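Visitor: Dropping the sequence and predicted coords here.
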Amino acid sequence: MTNAMSAPPTVDLKNINRVELSLSADAQMLFLARMTGAAVASRANFDYERVEDLRLAIDELCVRLMSRGGGPARITLQFQWDEDGVINVVATLVPEDDPTGNGRHSHPTATPASFELSERILDALVDDHGGDSIGGVHREWLRIRRQDPLG
Amino acid sequence: MTSDVQFELAAEEQPGFCVLEVRGEIDVASAPDFQGSLSELIGRGAEVVVVDLSEVSFIDSTGLGVLVGAETQVRQAGKSLRLVVTQPQIMKLLELTGLDEVFTILTNTRDAVRT
């Protein structure tokens, strides 16, 4: 497994094997991201263990993103997969206005220990991952491959 | 198999040891409650603190970070922290992060409270 991809995967808008999810960057909402990741992995014929790998990896991507944002924001997750069993995921954190001003969004603060653990988890579970920040927009991405039953 | 409970905690205290039973998913949303309960339990001064994860269906780096912090707190007090792990996916996560070398891990509470 490698550490970081040099660039996020390109999203093919014509690919029918493409799912997008947009959710509030709130800790209480992350289960939806995990559920969607698991559903996509099942759709791509991943086995149970690999489905769980993607479920955890998606959670880690989102936690890393949320720890980088300070105010109200949305997370957009783009899933894309192919017939060879490769799933690409791009997660984007976009700051948004908070018209209610209630500051209800709960952003986690990543401790150095948990960030290091997150890095170890992603290194071990996915084939590639990386992240960047451009113009106040933070992104994290990963690529995970279906395991060949013959090894 | 684990239950559908999203997150629940139950603490049990006995002379010499205490057990924190966790059910459901330990993620960034539930980690603060988990940390608070664990820290409070450690503060009561039992020689052995057992965290029973056998009914935990999911844990991420945030939850693992709470366990690492608790282990440090317990070790500094000269006490012992033990984990009960039966779910293969939780054990796999502990192994791939190297935390299986950090924690004392057992497969049932009865063995975990034995000193």
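Guide: It's in.
Visitor: Could you use CA atoms for every contact and neighbour count after this?
Guide: Fine.
Visitor: buried residues in the lowest-mean-pLDDT helix or strand in chain B?
Guide: Least confident element among the helices and strands of chain B, by mean pLDDT, DSSP states H and E: helix B:109-113 (a mean of 90). Neighbour counts over helix B:109-113 (16 or more other C-alpha atoms under 10 Å in any protein chain shown) mark B:109, B:112-113 as buried.
Visitor: out of the residues you listed, who's near chain A?
Guide: If you filter those for contact with chain A, counting by C-alpha under 8 Å from any C-alpha of the partner chain, you are left with nothing.
Visitor: How about residues contacting the least confident helix or strand of chain B?
Guide: Applying C-alpha atoms under 8 Å, 6 or more residues apart in numbering or on different chains, the set of residues contacting helix B:109-113 from outside is B:17, B:48, B:50, B:52, B:82-84, B:105-106.
Visitor: ok, 10 Å please
Guide: Defining contact as C-alpha atoms under 10 Å, 6 or more residues apart in numbering or on different chains, one finds that helix B:109-113 is touched by B:14, B:16-19, B:21, B:47-54, B:81-85, B:104-106.
Visitor: between the buried residues of helix B:109-113, which is nearest chain A?
Guide: Lowest distance from chain A to the buried residues of helix B:109-113 (C-alpha to the nearest C-alpha) belongs to B:Ala112, with 25.0 Å.
Visitor: Could the C-alpha coordinates of the helix or strand bottoming out on mean pLDDT in chain A be exported in CSV?
Guide: Using mean pLDDT, DSSP H and E, the weakest-scoring helix or strand in chain A turns out to be helix A:112-125, at a mean of 91. In CSV, the C-alpha atoms belonging to helix A:112-125 read as follows (Å, rounded to 0.1, in the frame of the first residue of the first chain):
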residue,chain,number,x,y,z
PRO,A,112,-2.1,14.1,17.0
ALA,A,113,-2.6,10.6,18.3
SER,A,114,-5.9,10.1,16.4
PHE,A,115,-4.5,11.7,13.3
GLU,A,116,-1.6,9.4,13.3
LEU,A,117,-3.9,6.4,13.8
SER,A,118,-6.1,7.6,11.0
GLU,A,119,-3.0,7.7,8.7
ARG,A,120,-2.1,4.2,9.7
ILE,A,121,-5.6,3.0,9.1
LEU,A,122,-5.9,4.5,5.6
ASP,A,123,-2.4,3.3,4.7
ALA,A,124,-3.4,-0.2,5.6
LEU,A,125,-6.9,-0.4,4.2
